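Engineer: Got a sequence here, can you model it:
(2 chains)
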There are 2 protein chains.
Amino acid sequence: MQTQDSRLQQVVAIIQQANQIAANTELDTLLDQMLDLLIKVTEGESGTIYLYDENHHELIFMVVKGDVTSQRLIGKRFNAERGIAGLTVREAQPVFVHDVANDPRWDAEVGEMDNLNLRTLYSLPLILRGKVMGLVQIFNLDPERCDDPEELVVLDLICARLVTELDKTRLLAESERRRRRQEALVEIVSQLTTTLDQEELLNRIMDYACDLLNVEATSIWLRDQAKGDLALHLATGKGREHMVAQRVPEGHGFIGHVVATGETLIANDVASDPRFYRKIDDASGFTTRALLCVPLRAPRIELGGTRGSIEGRIIGGAQALNPRDGRTFDAEDIKIFESLTSQAATVIRLAQLYRDVDTLSNRIIDAITGAIDLKDPYTRGHSQRVSEFSVAIAEELGITGEELYRIRIASKLHDVGKIRVPDRILKKRAALTEAEFRQMRRHPVYGLEFLEENGLLELDLLHGTGPALAQHHERLDGRGYPYGLKGGEIPIIARIVAVADVFDAITSNRPYRPARSCDEAIAILQRVAGSELDATCVDAFIRARARGAILTQEEREGSR
Amino acid sequence: MQTQDSRLQQVVAIIQQANQIAANTELDTLLDQMLDLLIKVTEGESGTIYLYDENHHELIFMVVKGDVTSQRLIGKRFNAERGIAGLTVREAQPVFVHDVANDPRWDAEVGEMDNLNLRTLYSLPLILRGKVMGLVQIFNLDPERCDDPEELVVLDLICARLVTELDKTRLLAESERRRRRQEALVEIVSQLTTTLDQEELLNRIMDYACDLLNVEATSIWLRDQAKGDLALHLATGKGREHMVAQRVPEGHGFIGHVVATGETLIANDVASDPRFYRKIDDASGFTTRALLCVPLRAPRIELGGTRGSIEGRIIGGAQALNPRDGRTFDAEDIKIFESLTSQAATVIRLAQLYRDVDTLSNRIIDAITGAIDLKDPYTRGHSQRVSEFSVAIAEELGITGEELYRIRIASKLHDVGKIRVPDRILKKRAALTEAEFRQMRRHPVYGLEFLEENGLLELDLLHGTGPALAQHHERLDGRGYPYGLKGGEIPIIARIVAVADVFDAITSNRPYRPARSCDEAIAILQRVAGSELDATCVDAFIRARARGAILTQEEREGSR
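Structural biologist: Numbering: from 1, shown residues only, chains lettered A, B, ... in the order given. Now for the predicted structure:
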């Protein structure tokens, strides 16, 4: 037996080693070095540490020493009813076993070693504030040691020294994990606002949800505003291909409940829940175990201006199914899924708002230009076609984005000035008088005035589009109207619309002549390219025709 | 002297006490109990613990025992060059002082006690991985104790036991703080999308930024797209009232640099920085010490449909000035401010997109209805006025939100069907023939067709507005046109527009009679209320007139 003096020094030395180990702020390293020290102090051959998950009554196999084959178990979870490990946790007391291999409680599958020479085992719970945090197992230590109370005091000291560190390190790891999750969520929630394309948006949030929540599948259900039932919009995960066109009646199933009440719902044991709407699993072959279901709730949105605010609305619901790794859904999952879906719902509403007013402006323009075309029965559909041709030419010229959008609108409006030309001139089938002709040739100017007087040219959306209306009858050689501009004085947008306009006029019936064929029209365009029309635009037009982007009035009507 | 045996027991007992203290995961409690134990072990009278902030070379006064007046210093920071505390940190060695009160290094102002009976002081650095984390000071302990090496070993053990806990607890507190900040950011970033009102939005982000970054002031500068310079849009903090209409030339100052390059910029010592644009501080009286300046960068936004995507753009910049509590800006501040401002920039772009197309549709509608009104010189401005009157009536009836917006648009379009009525009828000054009259009375049907044929009634924005066009000439007694509907068959929107339309007709000049006065017109409305027009709508109209929301054509022109 040692002297008390050297014994004290030894204890102090061990405590100092424990202090060094304690400096680790990384959980795996801390556990690894802790196990090394415990094996060294007990002179054992091998050992393991488990952490205990109280919520699931499970042991998590964290680290192993002296047994290579058990490495594969690291990270695995076991029911805490199993093995001597389970016993240690349940009794919250150290367990000493003299002959492990022949002990009926021994369970190699939960990581209690599986080599052949097992003799002794000391299984020690790690207890903090009266609660079991985990346990240490040391194998093949000297049996006498376990009968030495001082040996136990030192082991207890080491464990007591490190269990608090373990606790904080685990809390720190958990806090960091949650912080990173929140950071990812900030990134995602910001990203969602960069698209107003609803499909793209819904796809994105489902990807993000799978990732952040680590689940097997997700689905989005949108509420049919007219019928009130829910239509599956999008599903990820196994069996999704069988989920096309699925519908859930109003108020049915978890999703129906969530959409009807606006309340989030968790079911960690779906099979036994009466609210479960089995038909969907039956159709897809997917087995729903656990489910987190949240409403897609668009909040009240402040629009400002004359429109004020629009009310909040539940537009549908989203589901996350089957958390991986045997987890169950928890409060943090709810919060994250709610943040994600609420942002998605807001952006979907914004997209809808934008689309509604964009569609309104487009249809109003179609309606007015259509009505003007109708004043002359020979120009039905003219504005629409000139717009399509102009866009096709512009695309060939490499014009994209906002400029293309401007050309689309402005070319549609190119004849809007005709609203100020009297009907009797517009509708006259006989040749116009000189005075009538003069007035007819004022329509480009009227068009420009129409835009200017109504503040339309000040808009970013129509910036620089005046010439599409005012100058689409100008000619490169200066013989056009109303200004008689020449060459470089005529901007590209006017040159584009001019080609589109001339082509549609040639290929449409007129009171004084029938429609010409497309080939004839192109021949005419080519003849006047460089003198009347811009040659580059004519070339672009011919290329657009070649790729099928140009159809004459006759070709359209023939195909009806 | 004690025996080694009882000495060991004593050490073990102290270590066990330290273990219990170590279980605390809350920094203040941990420090508090740690100091208690150290004072008890050394039999001192009072004590303090400081933490050391290496970045700023500052000591933070954390906890004090045995001296009530020093409590006020808790949380205060001191330069680490001061006092015996500073010495302990700089030398990373324990310092023992036999007569504190007469020691020239003693500095009561940094918390080294200020009572009169100071005798001894033991000042012990807390060292982890070779770095000083802080220090403990124990006052009036037995001078002999400091000469006892075993006493020092025990103190060292306690400190070594707890310094790792201190470190982790501090890391945990820091991680939790950062997690909560990220959580708040998620909330904020989500909230930003609930308004498209630019002013409201900018106000919100500045409030959030002040909060999250804990700074004295913030400002937002928007880029003038035409001139290229930056205009102050919004400022918070001291002197903001002097910051009206401030401008910074393109590329000047920190903000100009950031907007020009798109790069975030930190200046923790502004005064000595040549990029500092002094004129703004000169004007406001605010003294900028430190500054974090980020671009307001709207990303590329995917719109879907025919419009595709719009390019990203730097729309301005945002500044956060002077972090409170002597902090300097760090990497986390940058990330948070960037997240916040990038989301704000995105939403500002979305708002702009929405506003642009909303304005386009409104002006297009104004343009077309205005052009139709102009066909009859006596109806100039009629559609606009009828819309205003209709909205005023609807407001009196308590109609709000989307329904009010629909009434605004639909009432403007109420006569749009006239686009299909020949000019010669519209413009005819003499009485119409029976056939012309019949055709004139078709305009409500033409209007409905205009909406229907162009798919406008399918839009949510115009849902249910058909009657504003088709039925605004119906009468409650069934004697209206075109359908001769009666009472309950006429929906509210048509009744509202009818009142507005009749009033404007009466108060405008007509070829066959001059305009009547408003009083006369109201008398007429009241006379036909219940038979021709809806009485509730007439009452609402009269109330709207009383609050100044109704002006006749004459009143408007008189006021020009």
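Engineer: Only C-alpha atoms from now on, for both contacts and neighbour counts.
Structural biologist: OK.
Engineer: so what are the domain limits for chain A?
Structural biologist: Per automatic domain parsing, the structural domains of chain A span A:4-175, A:196-348, A:376-558.
Engineer: Could you pull out the buried residues of stretch A:420-432?
Structural biologist: A:420, A:421, A:422, A:423, A:425, A:426 (16 or more other CA atoms under 10 Å in any protein chain shown).
Engineer: And that stretch, end to end?
Structural biologist: 17 Å (CA to CA, to the nearest Å).
Engineer: try stretch A:464-474
Structural biologist: End residues of stretch A:464-474 are separated by 17 Å (CA to CA).
Engineer: ditto for stretch A:474-488
Structural biologist: This stretch, stretch A:474-488, spans 11 Å end to end (CA to CA).
Engineer: now do stretch A:413-426
Structural biologist: 17 Å.
Engineer: quick one: buried residues of stretch A:508-516?
Structural biologist: A:508, A:509, A:510, A:515, A:516.
Engineer: Closest one of those to chain B?
Structural biologist: residue A:510 (21.4 Å; CA to the nearest CA).
Engineer: where does the closest residue to that closest one other than its chain neighbours land in three-state SS?
Structural biologist: Using CA to CA, 6 or more residues apart in numbering or on different chains and skipping the chain neighbours, the partner closest in space to residue A:510 is residue A:378 (5.9 Å). Secondary structure assignment for residue A:378 (DSSP: H, G, I helix; E, B strand; the rest coil): helix.
Engineer: Show the model's pLDDT score for residue A:378.
Structural biologist: pLDDT recorded at residue A:378 is 83.
Engineer: how close does residue A:442 get to chain B?
Structural biologist: Distance, residue A:442 to chain B, by CA to the nearest CA, to the nearest Å: 16 Å.
Engineer: what about the closest residue to that residue other than its chain neighbours, how many neighbours?
Structural biologist: Of all residues not flanking residue A:442 in the chain, residue A:482 sits nearest, at 6.6 Å (CA to CA, 6+ apart). By other CA atoms under 10 Å in any protein chain shown, 17 other residues sit near residue A:482.
Engineer: just the one 5 residues further on next, same as before
Structural biologist: Applying other CA under 10 Å, we find 17 other residues in the vicinity of residue A:487.
Engineer: hey, where'd the strands end up in the stretch 51-200 of chain A?
Structural biologist: Residue ranges of the strands in the stretch 51-200 of chain A, as given by DSSP state E, counting those that start in this stretch, are A:58-65, A:77-79, A:95-97, A:121-128, A:131-139.
Engineer: Can you check which of those strands gets nearest to residue A:503?
Structural biologist: For these, proximity to residue A:503 was assessed by CA to CA; strand A:77-79 is nearest, at 74.6 Å.
Engineer: Contact partners for residue A:259?
Structural biologist: With contact taken as CA atoms under 8 Å, 6 or more residues apart in numbering or on different chains, residue A:259 is in contact with A:251, A:294, A:295, A:296, A:314, A:315, A:316, A:317.
Engineer: ok, now which ones touch the fourth one?
Structural biologist: Think residue A:296. A:259, A:314, A:315, A:316, A:317, A:318, A:341, A:342, A:344, A:345.
Engineer: ok, back up a step: got the strands of the stretch 51-200 of chain A as JSON lines, with mean neighbour count and distance to chain B columns?
Structural biologist: JSON lines is the format used below for those (neighbours: other CA atoms under 10 Å in any protein chain shown; distance: least, CA to the nearest CA, whole Å):
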{"stretch": "strand A:58-65", "mean neighbour count": "23", "distance to chain B": "20"}
{"stretch": "strand A:77-79", "mean neighbour count": "19", "distance to chain B": "26"}
{"stretch": "strand A:95-97", "mean neighbour count": "19", "distance to chain B": "22"}
{"stretch": "strand A:121-128", "mean neighbour count": "24", "distance to chain B": "7"}
{"stretch": "strand A:131-139", "mean neighbour count": "23", "distance to chain B": "12"}
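Engineer: before we move on, back to that, how far away is the residue nearest to residue A:442 from chain B?
Structural biologist: 21 Å.
Engineer: Report the spatially nearest residue to the closest residue to chain B within the stretch 451-560 of chain A, omitting neighbours in sequence.
Structural biologist: Proximity of the stretch 451-560 of chain A to chain B (CA to the nearest CA) peaks at residue A:454, 5.7 Å away. Setting aside the residues directly before and after it, residue A:454 is nearest to residue B:367 in space (CA to CA, 6+ apart), at 5.7 Å.
Engineer: I'd say the one you found and residue A:450 touch.
Structural biologist: Yes: the pair residue B:367 / residue A:450 is scored as a contact, 6.6 Å apart, by CA atoms under 8 Å.
Engineer: Quick check, residue A:432 in contact with residue A:425.
Structural biologist: Yes: in this structure residue A:432 lies within contact range of residue A:425 using CA under 8 Å: 7.3 Å.
Engineer: Check what pLDDT the most centrally placed residue in chain A gets.
Structural biologist: Centroid-nearest residue in chain A: residue A:204, 1.7 Å away (criterion: CA atoms, centre = their mean). Note for residue A:204: predicted pLDDT of 85.
Engineer: Give me the number of neighbouring residues for the nearest residue to it once chain neighbours are set aside.
Structural biologist: Of all residues not flanking residue A:204 in the chain, residue A:192 sits nearest, at 7.7 Å (CA to CA, 6+ apart). Using other CA under 10 Å, residue A:192 has 22 other residues around it.
Engineer: Might you list the low-confidence residue ranges for the stretch 1-150 of chain A?
Structural biologist: A:1-5, A:115-116 (pLDDT under 70).
Engineer: Chain neighbours aside, what residue packs nearest to residue A:534?
Structural biologist: residue A:495 (6.0 Å).
Engineer: Could I get the buried residue list for the helix or strand the one you found falls within?
Structural biologist: Taking DSSP states H and E as the definition, residue A:495 sits inside helix A:492-506. Using 16+ other CA under 10 Å as the test for burial, helix A:492-506 gives A:493-506.
Engineer: neighbouring contacts of it?
Structural biologist: A:382, A:385-387, A:389-390, A:393-394, A:407, A:411, A:414, A:465, A:467-474, A:515-516, A:521-522, A:525, A:533-534, A:537-538, A:541, A:552-553.
Engineer: Kindly format the C-alpha coordinates of it as PDB.
Structural biologist: Taking Å, rounded to 0.1, in the frame of the first residue of the first chain, the C-alpha atoms of helix A:492-506 are listed here in PDB:
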ATOM      1  CA  ILE A 492     -33.900  50.500 -83.100                       C
ATOM      2  CA  ILE A 493     -37.300  50.000 -81.400                       C
ATOM      3  CA  ALA A 494     -39.000  51.900 -84.200                       C
ATOM      4  CA  ARG A 495     -37.100  49.900 -86.900                       C
ATOM      5  CA  ILE A 496     -38.100  46.600 -85.300                       C
ATOM      6  CA  VAL A 497     -41.800  47.600 -85.100                       C
ATOM      7  CA  ALA A 498     -41.700  48.900 -88.700                       C
ATOM      8  CA  VAL A 499     -40.600  45.500 -90.100                       C
ATOM      9  CA  ALA A 500     -43.200  43.700 -88.000                       C
ATOM     10  CA  ASP A 501     -45.900  46.200 -89.100                       C
ATOM     11  CA  VAL A 502     -45.100  46.100 -92.800                       C
ATOM     12  CA  PHE A 503     -45.000  42.300 -92.900                       C
ATOM     13  CA  ASP A 504     -48.400  42.000 -91.200                       C
ATOM     14  CA  ALA A 505     -49.900  44.500 -93.500                       C
ATOM     15  CA  ILE A 506     -48.600  42.700 -96.600                       C
END
